[in-house]
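Asker: Fold the following for me, if possible:
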Amino acid sequence: MAETTQTVPEEKLDFKRILPILVIVLVDLMGLSIIIPLLPLYAARFGAEPIVVGILQATYPLMQFIGAPILGRLSDRFGRKPVLIASQIGTLIGFIMLGFANSMVILFISRIIDGLSGANISTAQAAIADSTNEKTRTQGLGLVGAAFGVGFVLGPILAFIVLASSGQNYQYVAWTAALFSLISILLTVFWFKETVADAANPEASRKRRPFSIGALREAMQHRPTIMFLVIVMFFYQIAFGGYEQLFSLFTLNRLGMDARDTSGLFMLAGILIIVIQGGLIGRWSRKKGDRWLALMGIGALAIGLIGTALTPAMPVPWYDKARVLESLAGQGEFRVSIQSINVSLPDEAARGWFGIVWLMSASIPAALGGGTLQPAINSLITKDSDKSEVGGMLGLSAAAYSAANAIAPLFYGALFQWFGAPVPFFAGGAILLALFFFAPKVIKN
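Answerer: A predicted model of the protein is given here:
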């Protein structure tokens, strides 16, 4: 009986301990997600061409690809708290510059600074790894993902409110994001407690290996499972990131759905992912294990992407081609000529329910895989890492994720333009199917 009393608490997540981390992630993501949807329009005000807007959007993940593993390794050596504060200060500076930007050069500099210092999430994940055990780690990382999702749902809503109340003033949105960044800094300083046990001990910090590319490469070479998991993370985000970013164009092309219709699908998928990451993933991890969770996530996402690609070209029953074209043209100073919209829309005569029902059915396994795979992979990485290397290894995972985010829209966009709407989703599903058959040989129980 005494043995049972000792093991039960270990299988329960200490919410009180990780709550500050979750709140900080939520506040950070609120600031980031306020800005992301408005960046293309922000750049358009300075006369940026579409290719320049694409480069601007890729700047942040590219800089994160460089900065995340460095800051992650530094957090192993000096502690999570100082690195988290430093990265948040960089984000604050980037948002302030964005608010005062009067040229494309300032926009690019603001995104470079924010990207290089953008280790907030990987450092928070490392803090979760410090604060959990092997039984509860996936649940903790899943809750970080859920906070991430909630932030991305609430951020655009807040951006809409700020724009509506400020007369479409984009500077106010940037300063609101800066305010959230400042709040996250204050929360980290006064509420967050250091999770690296001996971070305050200078002697212990000196004994840890300093950051170097060689040290990270050596750690990866001695841990082939981690190397494979980082590769899985990269291709997962190539497939899922491209799916997210081109989903709206796909639904427009196949089902005649405008931004309002597609946003409803995004909201439903977002709620499903939040439920999976916030409530179900911990239970599944304890019952089945992270290996099963990762393999299930890869397989489910592959099915979802291939199912999406097979969506029949049948516009929704309420489809009105003229109304959709009018909504695409926009309003006010951003309105363009309807004739200049180079998007292939479906024929009104083929309207019906089958296409949207099929797509919603395919979205369920896609959301299931997208919601489980990232926390499962990161949990497996932490369990195969030395305790002194968790931040660095999660930094590598974050770097792979960021690199994929920069490549995914280019990869999917090129296939979409050259070969048709279904092809990029087929390609993403095929990549994941290959990983699904290869992964069991590398990821051991």
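
Asker: give me the number of residues near Y236?
Answerer: Y236 has 27 neighbouring residues, counting by other C-beta atoms under 10 Å. For the C-beta atoms, the positions are set from N, CA and C on the backbone; glycine is no exception.

Asker: can you tell me which residues contact it?
Answerer: Applying C-beta atoms under 8 Å, 6 or more residues apart in numbering to Y236 gives the contacts 297-298, 301, 373-374, 377, 404, 432, 435.

Asker: from those, which ones fall inside helices?
Answerer: The helices, defined by DSSP state H, take in 297-298, 301, 373-374, 377, 404, 432, 435 from the contacts of Y236.

Asker: got those residues as TSV, with neighbour count and distance to A129 columns?
Answerer: Shown next, in TSV, are the ones in helices among the contacts of Y236 (neighbours: other C-beta atoms under 10 Å; distance: C-beta to C-beta, whole Å):
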residue	neighbour count	distance to A129
G297	28	19
I298	29	22
L301	29	24
L373	27	17
Q374	25	14
I377	27	13
A404	22	22
L432	28	25
L435	22	24
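
Asker: Could you pull up the residues touching Y172?
Answerer: Contacts for Y172 (C-beta under 8 Å, 6+ apart) come out as 162-163, 166.

Asker: So which bits of the helix or strand where it lies are buried?
Answerer: When secondary structure is defined by DSSP states H and E, Y172 falls within helix 170-190. Residues of helix 170-190 classed as buried: 170, 172-185, 187-188 (neighbour count, 16 or more other C-beta atoms under 10 Å).

Asker: same check, this time on stretch 231-241
Answerer: By neighbour count on 16+ other C-beta under 10 Å, the buried set for stretch 231-241 is 232-241.

Asker: Can you pull the poorly scored residue ranges out of the stretch 51-200 of the chain?
Answerer: Scanning the stretch 51-200 of the chain for pLDDT under 70 picks out the ranges 51, 53-54, 119-120, 152, 156, 167-168, 197-200.

Asker: switch to 50 and redo it
Answerer: 199-200 (pLDDT under 50).

Asker: So which residues of the stretch 251-400 of the chain form helices?
Answerer: Under the criterion DSSP state H, counting those that start in this stretch, the stretch 251-400 of the chain carries helices at the ranges 259-275, 281-288, 290-309, 321-329, 354-383, 390-419.

Asker: Buried ones in the shortest one, by neighbour count?
Answerer: Yep, that's helix 281-288 we're talking about. By 16+ other C-beta under 10 Å, the buried positions in helix 281-288 come out as 281-282, 284-285.

Asker: Give me the residues contacting that helix.
Answerer: Helix 281-288 is contacted by residues 11, 13, 135-136, 138-140, 142-143, 292-293, 296, 371-372, 375-376, 379 when judged by C-beta under 8 Å, 6+ apart.

Asker: What is the end-to-end distance of stretch 277-292?
Answerer: 16 Å (C-alpha to C-alpha, to the nearest Å).

Asker: Now do A174 against R254, distance only.
Answerer: Distance from A174 to R254, counting by C-beta to C-beta, to the nearest Å: 35 Å.

Asker: Can you flag the buried ones in the contacts of helix 281-288?
Answerer: If we count by 16+ other C-beta under 10 Å, the contacts of helix 281-288 have these buried: 13, 136, 138-140, 142-143, 293, 296, 371-372, 375-376, 379.

Asker: Distance to A101 added to those, as JSON lines?
Answerer: Below are the buried ones among the contacts of helix 281-288 laid out as JSON lines (distance: C-beta to C-beta, whole Å):
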{"residue": "L13", "distance to A101": "42"}
{"residue": "T136", "distance to A101": "43"}
{"residue": "T138", "distance to A101": "40"}
{"residue": "Q139", "distance to A101": "40"}
{"residue": "G140", "distance to A101": "37"}
{"residue": "G142", "distance to A101": "36"}
{"residue": "L143", "distance to A101": "35"}
{"residue": "L293", "distance to A101": "42"}
{"residue": "M296", "distance to A101": "44"}
{"residue": "G371", "distance to A101": "35"}
{"residue": "T372", "distance to A101": "38"}
{"residue": "P375", "distance to A101": "35"}
{"residue": "A376", "distance to A101": "39"}
{"residue": "S379", "distance to A101": "39"}
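
Asker: Among those, which one lies nearest to M30?
Answerer: For these, the residue nearest M30 by C-beta to C-beta is L143; the value is 16.2 Å.

Asker: packing partners for the helix or strand containing that closest one?
Answerer: Element membership for L143 (DSSP H and E) is helix 137-166. Helices and strands touching helix 137-166, by 3 or more C-beta pairs under 8 Å, 6 or more residues apart in numbering; DSSP states H and E, are helix 15-35, helix 120-130, helix 170-190, helix 259-275, helix 281-288, helix 354-383.

Asker: would you turn those into CSV with distance to I55?
Answerer: Formatted as CSV, the helices and strands packed on helix 137-166 follow (distance: least, C-beta to C-beta, whole Å):
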stretch, distance to I55
helix 15-35, 17
helix 120-130, 23
helix 170-190, 19
helix 259-275, 23
helix 281-288, 35
helix 354-383, 26
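
Asker: Could you tell me the least trusted of these?
Answerer: Lowest mean pLDDT within the helices and strands packed on helix 137-166: helix 259-275, at a mean of 73.

Asker: coming back round to it: which one of the buried residues of helix 281-288 is nearest P317?
Answerer: Checking those against P317 by C-beta to C-beta gives I281 as the nearest, at 35.7 Å.

Asker: List the buried residues of the helix holding L143.
Answerer: Within helix 137-166, the residues that count as buried by 16+ other C-beta under 10 Å are 137-153, 155-156, 158-159, 162-163.

Asker: what's the answer for stretch 307-321, then?
Answerer: Quick answer for stretch 307-321 (16+ other C-beta under 10 Å): 307-309, 311, 314-316, 319.

Asker: Looking at those residues, which one is closest to S361?
Answerer: Using C-beta to C-beta, G307 comes nearest to S361 of those, at 7.0 Å.

Asker: The closest one: what's its closest spatial neighbour, skipping adjacent residues?
Answerer: Leaving aside its sequence neighbours, G307 sits nearest to A362 (C-beta to C-beta, 6 or more residues apart in numbering; 3.1 Å).

Asker: which residues does that neighbour contact?
Answerer: A362 makes contacts with 303-304, 307-308, 310-311, as judged by C-beta under 8 Å, 6+ apart.

Asker: Same check on G428?
Answerer: Contacts of G428 by C-beta under 8 Å, 6+ apart are 238-240, 242-243, 305, 412.
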